[in-house]
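In: Provided below are the primary sequence and the corresponding predicted coordinates.
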Amino acid sequence: MPDMETHMPWEATRRALATELAGIDGVLPGSVVLRHMRCGKPGCACKHDPPTLHGPYIQWTRTVDGKTVTRYLTQDQLARYQEWFDNARRLREIVAMLEIASLHAVEQSEAATAPTADHSTPVASRRRTPRQRPT
Ligand SMILES: [Zn+2]
């Protein structure tokens with residue numbers, strides 16, 4: 001383990017996340033699901049029991065101005081867009097981890113600047129230590 005990580009584990013984590021974040025150059029909103037469907041044709045195999053449904057169709061759903069918008073993608077389109085869909089998921093993961101790492105840094109910083117945070121000490125007698133930015 002590098003020395004930096006021993007001293008500043010959360011800083012190292014945040015830097016690694018920030019580096020990964022910088023590599024993301026495209027994200028697509030919404031979600032992609034594969035759907036099998038029934039059609040409107042009477043007597044079609046999709047109406048049989050058990051049914052042979054049509055598809056799979058690649059359904060891309062996202063919200064635009066509060067409305068759900070659905071588009072169907074071809075296999076080829078999905079293959080081309082997949083990386084940006086994956087990026088969107090990874091971006092949410094990175095943000096969530098960055099929040100955790102940042103909160104830990106804040107806690108660490110506050111613990112370092114206020115070692116006796118118990119309220120039994122009168123405020124007037126507490127040593128004033130300038131608050132530091134989270135490291
Ligand atoms: Zn059908």
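Out: On my side now, so go ahead.

In: For the rest of this, base every contact and every neighbour count on C-alpha atoms.
Out: Noted.

In: Name the residues of the protein found near the ion, please.
Out: Neighbours of the ion within the chain, by Cα under 5 Å from the ion: 38-39, 44, 46.

In: Most neighbours out of those residues, which is it?
Out: Counting neighbours by other Cα atoms under 10 Å, Cys46 comes out on top of these with 18 neighbours.

In: Settle this for me: that residue is touching Gly55, isn't it.
Out: No - the criterion here is Cα atoms under 8 Å, and Cys46 misses it with Gly55 at 10.4 Å.

In: ok, back up a step: which pair of the residues of the chain next to the ion spans the longest distance?
Out: Farthest pair in the residues of the chain next to the ion (Cα to Cα) is Arg38 and Cys44. Separation: 8.6 Å.

In: okay, and the common contacts of Cys46 and Gly55?
Out: Met37 (Cα atoms under 8 Å, 6 or more residues apart in numbering).
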